[in-house]
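J.: test case, fold it:
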Amino acid sequence: MLLDKSNQVFSSVSWFDEIDSTNLELGRQLAAGGGDFSAVIAGSQTRGQGRLGREWLSPSGASLSLSIAIKRKLENPGWLSLLAALAVQRMIKNQKITEVGIKWPNDVLVQGKKISGILAQLIDGAVIVGIGLNLKKQAPELNAISMEELGLDLDIDTAASEIGGLFGDLIRNFELNPDEVKKEFSKACITLGQSVRAELPSGDQLFGIASEVDSLGQLVILTPEPKHLSAGDVWHLRS
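T.: Prediction:
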């Protein structure tokens, strides 16, 4: 596949019609000397990875599977997955789509349905940020939505380059003016202000109000005392 637009955004780009996992492949490339803001893009994944060890399904041609390497040292690397989600949210809003928001920590929803998911992994001192975006209609049981269903015919190269460009801009802005970027994220994050149930990796549960995202990218839940959640599943509770 020609990746003319993506080659203008990333330091290097590798394309695969099919790969086990773009995150795994980018990890292999980093071990062999790959550079900062290099990327791997695939048409499908056979062992795609989701949060908390889950599988991320990406049938051929249905989704964008993009992984980006961040090798530079950041003061708050926990924010990288949030910035990636914000980049996707910005990209979709730029297509004149409303009702698009971020469900902490890394799902982008349109009209209440998932259109994108993010997975950040620390590998050999670098952060690999994997981004999945539904381009075509997904299986009905997934409660998902796609760019196609929103009336948008976005090819893989265009989607990857636009997300990558916005992600790079957000990283630079975050280094210069983190408070400004945090305000934008808070405005886009539909979890804040909600009554939530959080399931921790240990299996324990928290109930409370999601009040803010702290300087480390953790979700603060008032239970009523504040608890800072760095990982876990969060459900919005209906009143």
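
J.: how near is the closest residue to residue 132 other than its chain neighbours to residue 205?
T.: When the adjacent residues along the chain are set aside, residue 132 lies closest to residue 117, with 5.0 Å between them (Cβ to Cβ, 6 or more residues apart in numbering). Where C-beta positions appear, they are placed from N, C-alpha and C, glycine not excepted. Distance check for residue 117 against residue 205: by Cβ to Cβ, to the nearest Å, it reads 22 Å.

J.: of the two, who's got more company?
T.: Under the criterion of other Cβ atoms under 10 Å, the comparison of residue 117 against residue 205 puts residue 117 first, with 24 against 12.

J.: okay, now the domains of this protein?
T.: The chain breaks down by automatic domain parsing into domains covering 4-188, 195-236.

J.: which of those sits most buried?
T.: Each of those was scored by mean neighbour count; the highest is domain 4-188, a mean of 18, by mean count of other Cβ atoms under 10 Å.

J.: now render the domains of the chain as CSV, adding mean pLDDT.
T.: Written out in CSV, the entries for those read as follows (pLDDT from 0 to 100):
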stretch, mean pLDDT
domain 4-188, 91
domain 195-236, 93
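
J.: and the gap between residue 5 and residue 28?
T.: Counting by Cβ to Cβ, the gap from residue 5 to residue 28 is 25 Å.

J.: actually, residue 150.
T.: Spatial separation of residue 150 from residue 28 under the definition Cβ to Cβ is 34 Å.

J.: remind me, longest helix of this protein?
T.: Looking only at the chain and at elements set by DSSP state H, the helix with the highest residue count is helix 156-176.

J.: restricting to C-alpha, output it in CSV.
T.: Once non-C-alpha atoms are left out, helix 156-176 reads as follows in CSV (Å, rounded to 0.1, in the frame of the first residue of the first chain):
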residue,chain,number,x,y,z
ILE,A,156,-6.0,3.9,5.9
ASP,A,157,-3.2,6.3,4.8
THR,A,158,-5.3,9.4,5.4
ALA,A,159,-6.6,8.2,8.8
ALA,A,160,-3.1,7.2,10.0
SER,A,161,-1.5,10.5,8.9
GLU,A,162,-4.2,12.7,10.3
ILE,A,163,-4.2,10.9,13.7
GLY,A,164,-0.3,10.9,13.7
GLY,A,165,-0.1,14.6,12.9
LEU,A,166,-2.5,15.5,15.7
PHE,A,167,-0.9,13.2,18.1
GLY,A,168,2.5,14.7,17.5
ASP,A,169,1.1,18.2,17.9
LEU,A,170,-0.5,17.3,21.2
ILE,A,171,2.7,15.8,22.5
ARG,A,172,4.6,19.0,21.7
ASN,A,173,1.9,21.2,23.2
PHE,A,174,1.7,19.0,26.3
GLU,A,175,5.4,19.5,26.8
LEU,A,176,5.1,23.3,26.5
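
J.: immediately after that helix, which helix or strand?
T.: helix 178-188 (DSSP states H and E).

J.: that following helix to helix 156-176, inter-axis angle?
T.: Here helix 178-188 runs at an angle of 130 degrees relative to helix 156-176 (axes from the mean of the first three to the mean of the last three Cα atoms, to 10 degrees).

J.: report the distance from helix 178-188 to the chain centre.
T.: A distance of 16 Å separates the C-alpha centroid of helix 178-188 from that of its chain, computed with Cα atoms, centre = their mean, to the nearest Å.

J.: which strands or helices does that helix pack on?
T.: Using 3 or more Cβ pairs under 8 Å, 6 or more residues apart in numbering; DSSP states H and E as the contact criterion, the secondary-structure elements in contact with helix 178-188 are helix 80-93, strand 100-103, helix 156-176, strand 205-213.

J.: chain center to the last one, what's the gap?
T.: In terms of Cα atoms, centre = their mean, the centre of strand 205-213 is found 21 Å from the chain centre.
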